[in-house]
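Chemist: What follows is a predicted protein model with its sequence.
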Amino acid sequence: MIDVNKLLDILLYHKDDPLLLNSAFFLYYFATFLLCYLAVSRSKEGRVAVFTIFSLYFFYKACGMFVGLVILSAIVDFNLSRWIYQSEDDRKRKGLLILSIVLNLGLLFYFKYTDFFIGIVNQVSNGDIPLLKLMLPIGISFYTFENLSYTVDVYRKEFKPVDSFMDYLFFLSFFPKLMMGPIVRAHDFIPQIDKPYELNSEDIGKGMYLIMAGLFKKMVISDFIYQNFVQYIFDDPSKHTGLECLLGVYGYALIIYCDFSGYSDIAIGIARWTGFKIPPNFDSPYQSSNITEFWRRWHISLSSWLRDYLYIPLGGNRKGKFRQYINLGLTMLIGGFWHGANWNFIFWGAMHGGALAVDKVRLDWLKKRGGGATGWLGNVLKVGGIIVTFHFVCFCWVFFKASTFQDAWSLLHQVAFDFQPEVWLELYNGYTAVFWVMLLGFILHFLPKRTEVFTEQSLSKVPVVANVAIMVIFFWILIQVKSSETMMPIYLQF
């Protein structure tokens, strides 16, 4: 007999057990969603209604009553964008745009940065203003940026606002990308809503590959390395040798990539199965031979958003070289601040901004000389560029991950002055499985693109029944090898 009270308790929001794409409850949620979605798949209104209801419930299960912020944001920007589009008065249009920016950023700043600025005021004035200790609504940074890009595109007359509020609420609350992105542009997503739902073998194969790859990266590689090695290093770097700290940094570089890109892959794969194509968010970023290339491959939806809605409006490269370098630095500084109200994030963004400016000088110099080296020398320089870029990114990850500047400098001090390479055998014997998983992760990351394409094409040629069998076997294996404790996604905090 079904225990109704227990069932209701499972369906309600619990702060310590939010609904995530990698949680056990999600399998039941997604199976129920698919059945309902397929039942109304021939009706556009039915698809929108089912998807929106399940998306809002997903958000409720993830962060409780903060689901109301998504609905409120949709109401505000749906109406403001329509008023902007309908108005012929430039001053009124600009005023409405400013209102949209103030409301969206005001909401984000209130929840994300209030305590940060209270802390600064207290330090400067020796005050004792109490911190509000506000809970950060999950996904607010992502749907705020989606709202802003939509309103700005309408203001620029690059996109006609939707006529249906449900269509806009559907776009904003779309559950695969709601909590951790990718940041989806309205002009990429909304036109797909009116298209009939059609699923071909390519969609099945690509979606299946992305979901399995994402779950493997997140639940096997990222969670295992963090729980069994990296968390101990960053908890107190001073207790570990420089070799341990260096390997811990390498491990974290793999963790944050597998964690975030894995979640993005799952989201894009689910979207593909439901008839929506979302652009990729990562493209093997550690294969980059310079920092400019890295930011074309890492968190693509954020870096392109910052380029289109911050860097270019600041002047981009249109106001001279020196101003261009300043714009690059400011864009990355703000990008660092977007990640959180913490001086470490600001420093992380500043370092990347400075590196991008320096790399721009290098690229301009090479362009004047007719380009870089070719042949064997070009290949050697490319490999060297990959190594240098990877280690610069890892150096920056230290400040991104460390709780304080003191912890970050403590770790770097250990690497520089207390390396102790002689402990490598003892370290290997203590963390054998971790290091092999790390090696597997880096090997998979550096596989050529054609390997991924081949796998997707192979899965698309397999009959549906066989695909189901593959998924069942994959989930069985995943349950056997995954970490016993469910790890919260890293980017959930942003």
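Modeler: Structure's in. What do you need? Quantities reported herein were computed from a predicted structural model and do not represent experimental measurements.

Chemist: domain parsing for the chain?
Modeler: 11-193, 201-488 (automatic domain parsing).

Chemist: for the last one, how far is the first residue from the last?
Modeler: Counting by C-alpha to C-alpha, to the nearest Å, you get 33 Å between the two ends of domain 201-488.

Chemist: Output the domains of the chain as CSV; include the columns mean neighbour count, mean pLDDT and distance to Asn5.
Modeler: Every residue, glycine included, has its C-beta placed from N, CA and C. Formatted as CSV, the domains of the chain follow (neighbours: other C-beta atoms under 10 Å; pLDDT from 0 to 100; distance: least, C-beta to C-beta, whole Å):
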stretch, mean neighbour count, mean pLDDT, distance to Asn5
domain 11-193, 17, 91, 11
domain 201-488, 17, 91, 24
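
Chemist: Tell me who's in contact with the nearest residue to Gly46 once chain neighbours are set aside.
Modeler: Excluding the flanking residues, the one nearest Gly46 by C-beta to C-beta, 6 or more residues apart in numbering is Val40, at 2.9 Å. By C-beta atoms under 8 Å, 6 or more residues apart in numbering, the contact set of Val40 is Gly46, Arg47, Ala49, Val50.

Chemist: how about those residues, which pair is most distant?
Modeler: Arg47 and Ala49 (7.4 Å; C-beta to C-beta).

Chemist: now the strands for the chain?
Modeler: Secondary structure of the chain (DSSP state E): no strands present.

Chemist: now the residue nearest to Arg362 when sequence neighbours are not counted: how far from Pro463?
Modeler: Spatial nearest neighbour of Arg362, chain neighbours left out: Asn290 (7.7 Å); criterion: C-beta to C-beta, 6+ apart. Noted for Asn290: a distance of 44 Å to Pro463, by C-beta to C-beta, to the nearest Å.

Chemist: what do you get for Trp409?
Modeler: 57 Å.

Chemist: right, and Leu302 touches Gly181 too?
Modeler: Yes: look at Leu302 against Gly181 with C-beta atoms under 8 Å: they come within range, at 7.3 Å.

Chemist: just to revisit the earlier point, over to the residue nearest to Arg362: give its phi and psi.
Modeler: Here is the backbone geometry of Asn290 (degrees, to the nearest 10): phi -160, psi 170.

Chemist: contacting residues for it?
Modeler: Asp359, Arg362, Leu363, Gly385, Thr389.

Chemist: now it: how far from Val124?
Modeler: With C-beta to C-beta as the criterion, Asn290 and Val124 are 39 Å apart.

Chemist: all helices for the stretch 51-200 of the chain, in order.
Modeler: 67-86, 90-125, 140-155, 165-173, 175-178, 186-193 (DSSP state H, counting those that start in this stretch).

Chemist: Adding distance to Tyr431, write the ones you listed out as JSON lines.
Modeler: Rendered in JSON lines, the data for those read as follows (distance: least, C-beta to C-beta, whole Å):
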{"stretch": "helix 67-86", "distance to Tyr431": "41"}
{"stretch": "helix 90-125", "distance to Tyr431": "36"}
{"stretch": "helix 140-155", "distance to Tyr431": "34"}
{"stretch": "helix 165-173", "distance to Tyr431": "42"}
{"stretch": "helix 175-178", "distance to Tyr431": "34"}
{"stretch": "helix 186-193", "distance to Tyr431": "43"}
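
Chemist: Of all these, which one is nearest Val423?
Modeler: helix 90-125 (39.2 Å).

Chemist: mind listing what Arg427 touches?
Modeler: In this structure residue 427 is Leu, not Arg. By C-beta under 8 Å, 6+ apart, Leu427 lies in contact with Thr241, Leu243, Glu244, Leu247.

Chemist: same thing but 7 Å
Modeler: Leu243, Glu244 (C-beta atoms under 7 Å, 6 or more residues apart in numbering).

Chemist: Kindly format the C-alpha coordinates of stretch 239-253 as CSV.
Modeler: The C-alpha trace of stretch 239-253 is given here as CSV (Å, rounded to 0.1, in the frame of the first residue of the first chain):
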residue,chain,number,x,y,z
LYS,A,239,49.7,20.4,5.8
HIS,A,240,50.7,19.0,2.5
THR,A,241,53.9,18.9,0.5
GLY,A,242,54.3,21.0,-2.6
LEU,A,243,54.0,17.9,-4.8
GLU,A,244,50.6,17.1,-3.2
CYS,A,245,49.5,20.6,-3.7
LEU,A,246,50.5,20.7,-7.3
LEU,A,247,48.7,17.5,-8.1
GLY,A,248,45.7,18.9,-6.1
VAL,A,249,45.6,21.9,-8.5
TYR,A,250,45.8,19.6,-11.5
GLY,A,251,43.0,17.6,-10.0
TYR,A,252,40.9,20.7,-9.4
ALA,A,253,41.4,21.8,-13.0
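
Chemist: Contacts for it next, please.
Modeler: 225, 229-230, 233-234, 237, 393-394, 397-398, 401, 411, 414-416, 418-421, 423-424, 427, 438.

Chemist: Stretch 55-68 too?
Modeler: Tyr13, Pro18, Leu19, Val70, Pro137, Ile138, Ser173, Phe174, Phe175, Leu178, Met179.

Chemist: Including distance to Asp3, could the domains of the chain go into CSV?
Modeler: Below are the domains of the chain laid out as CSV (distance: least, C-beta to C-beta, whole Å):
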stretch, distance to Asp3
domain 11-193, 12
domain 201-488, 23
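
Chemist: of all these, which lies closest to Val4?
Modeler: Val4 lies closest to domain 11-193 among the domains of the chain, at 10.6 Å (C-beta to C-beta).

Chemist: so how far is the closest one off the chain centroid?
Modeler: 15 Å (C-alpha atoms, centre = their mean, to the nearest Å).

Chemist: Endpoint to endpoint, it covers what distance?
Modeler: End to end - C-alpha to C-alpha - domain 11-193 spans 29 Å.

Chemist: Present the contacts of Asn290 as a markdown table; the columns should include distance to Ile118.
Modeler: Output for the contacts of Asn290, formatted as a markdown table (distance: C-beta to C-beta, whole Å):
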| residue | distance to Ile118 |
| --- | --- |
| Asp359 | 37 |
| Arg362 | 41 |
| Leu363 | 42 |
| Gly385 | 43 |
| Thr389 | 38 |
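
Chemist: Pick out whichever of those residues sits closest to Asp265.
Modeler: Checking these against Asp265 with C-beta to C-beta, the nearest one is Thr389 at 22.8 Å.

Chemist: got the contact list for the closest one?
Modeler: Contact analysis of Thr389 by C-beta under 7 Å, 6+ apart lists Ser288, Ser289, Asn290, Ile291, Phe294.
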